[in-house]
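Peer 1: Curious how this folds, go ahead:
(one chain, ligands or ions: 1)
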Amino acid sequence: MNYEVVLPAAGSGKRMGAGKNKLFLQLLNKPILIHTLEVFQNDPHCTGIWLAVKPEERDYIQSLISQYEITKVKGLPAGGEERQHSVHSCLKEMDEVDIVLVHDAARPFVTQQVIDKLVQIAHEKGAAIAGVKAKDTMKKVEDGVIVETVDRDNLWAIQTPQAFRFDLLYEAEDVAEKVGFLGTDEAMLVERLGHQVYIVESTYDNVKITTKEDLLLGEMILKQREI
Ligand code: C5P
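Peer 2: Residues are numbered from 1 along each chain as shown. Have a look, this model is predicted:
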């Protein structure tokens with residue numbers, strides 16, 4: 001089953017403190033952004049990549065795309081104030097496809113197996129997202145005090161990719177924009193429409209590179225995969 005992917009890449013990466021877009025930082029031998037792009041470049045079922053970018057970074061990103069021979073990029077629309085706006089600006093430029101994946105450009109370690117499963121379930125059910133079971137004991141805290149220990153058996157930490165039938169995500173983004181709702185992931189927007197979203201068990205190493213410590217972790221993950 002073919003799909004196209006939207007990669008929001010227009011963040012400022014303040015928590016990294018690198019003074020530039022964290023996606024341009026090197027992870028072993030190449031920029032984080034290229035590691036992520038190569039996942040989809042190498043997946044034969046991915047027929048198009050859409051990157052939401054900051055306009056002032058577009059030329060540089062274009063040059064990286066050429067240098068690393070990424071051929072599937074179909075467009076680089078301007079990102080928005082929030083990640084959700086960046087995703088929306090890509091959807092608005094895309095032609096309708098069956099399945100669209102949304103994936104953080106800062107998550108270079110997603111596995112092919114997880115992508116395949118997400119696409120399959122999105123095709124069958126409409127919406128599927130990657131996540132991992134909570135490992136730690138989870139507590140709800142208010143004003144520094146525990147108010148509840150939450151049953152961890154039902155708790156999942158949610159990642160990307162998140163996969164949807166295109167028309168469903170398009171409608172969800174459209175409605176959210178009209179009512180001014182800002183979600184922390186795409187699934188939230190689809191949940192608001194009353195549509196069921198399915199979980200696909202992912203891997204704990206599908207981390208989002210956010211802080212300097214994540215760069216070290218990322219290098220370890222890459223080295224371990226090379227063995
Ligand atoms: O900042 P954070 O790591 O949560 O961002 C997740 C992804 O969303 C990153 O790949 C980042 O570049 C992207 N993003 C975006 N537009 C924004 C904020 C974040 O495309 N306004």
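Peer 1: Enumerate the positions of the helix or strand harbouring E173 that are buried.
Peer 2: For E173, the element it lies in under DSSP states H and E is helix 166-179. Under the neighbour-count criterion of 16 or more other CB atoms under 10 Å, helix 166-179 has 166, 168-173, 176 buried. C-betas here are computed from N, CA, C, even on glycine.
Peer 1: Number of residues surrounding Y60?
Peer 2: 14 (other CB atoms under 10 Å).
Peer 1: Show the contacting residues for the spatially most central residue of the chain.
Peer 2: When CA atoms, centre = their mean is applied to the chain, the residue found nearest the centroid is H103 (2.1 Å). When contacts are counted by CB atoms under 8 Å, 6 or more residues apart in numbering, H103 is found next to 5-7, 36, 40, 110, 160-162.
Peer 1: Name the nearest of those residues relative to the ligand.
Peer 2: Distance to the ligand across these (CB to the nearest ligand atom) is lowest for L7, with 7.0 Å.
Peer 1: quick one on the thing from earlier: and which of the buried residues of helix 166-179 is nearest the ligand?
Peer 2: Ranked by distance to the ligand (CB to the nearest ligand atom), the buried residues of helix 166-179 are led by E173 at 13.9 Å.
Peer 1: nearest residue to that closest one other than its sequence neighbours?
Peer 2: Closest residue to E173 apart from its sequence neighbours, by CB to CB, 6 or more residues apart in numbering: H88 at 4.8 Å.
Peer 1: Name the helix or strand for the one you found, please.
Peer 2: helix 83-93.
Peer 1: helices or strands up against that helix?
Peer 2: Applying 3 or more CB pairs under 8 Å, 6 or more residues apart in numbering; DSSP states H and E, we find helix 83-93 packed against strand 3-8, strand 46-52, helix 166-179, helix 186-192.
Peer 1: where does the protein dip in pLDDT?
Peer 2: In the predicted model, the chain carries no residue with pLDDT under 70.
Peer 1: got the residues of it near the ligand?
Peer 2: 8-11, 23, 52, 79-83, 86, 104-106, 208, 210 (CB under 6 Å from any ligand atom).
Peer 1: Look through the protein and report the residue furthest from the middle.
Peer 2: Going by CA atoms, centre = their mean, the residue of the chain most distant from its centre is V145, 32.8 Å out.
Peer 1: Who is that one paired with across the strands?
Peer 2: V145 has these beta-bridge partners by DSSP bridges: E142.
Peer 1: Just the helices from the protein, written as ranges.
Peer 2: All helices of the chain, identified by DSSP state H, fall at 32-41, 58-67, 83-93, 112-125, 166-179, 186-192, 212-226.
Peer 1: Tell me which of the ones you listed lies nearest to D136.
Peer 2: Comparison of these against D136 by CB to CB identifies helix 212-226 as nearest, at 17.1 Å.
Peer 1: Quick one: residues contacting the residue nearest to E173.
Peer 2: Residues near H88 by CB under 8 Å, 6+ apart: 80, 173, 177.
Peer 1: Also T71?
Peer 2: Residues in contact with T71 (CB under 8 Å, 6+ apart) are Q41.
Peer 1: Check A52 too.
Peer 2: Per CB under 8 Å, 6+ apart, neighbours of A52: 6-10, 76-80, 86-87, 89-90.
Peer 1: again with N206
Peer 2: N206 sits next to 107, 109-111, 114, 130, 132, 159 when contact means CB under 8 Å, 6+ apart.
Peer 1: Then V5?
Peer 2: When contacts are counted by CB under 8 Å, 6+ apart, V5 is found next to 40, 46, 48-50, 100-103, 161.
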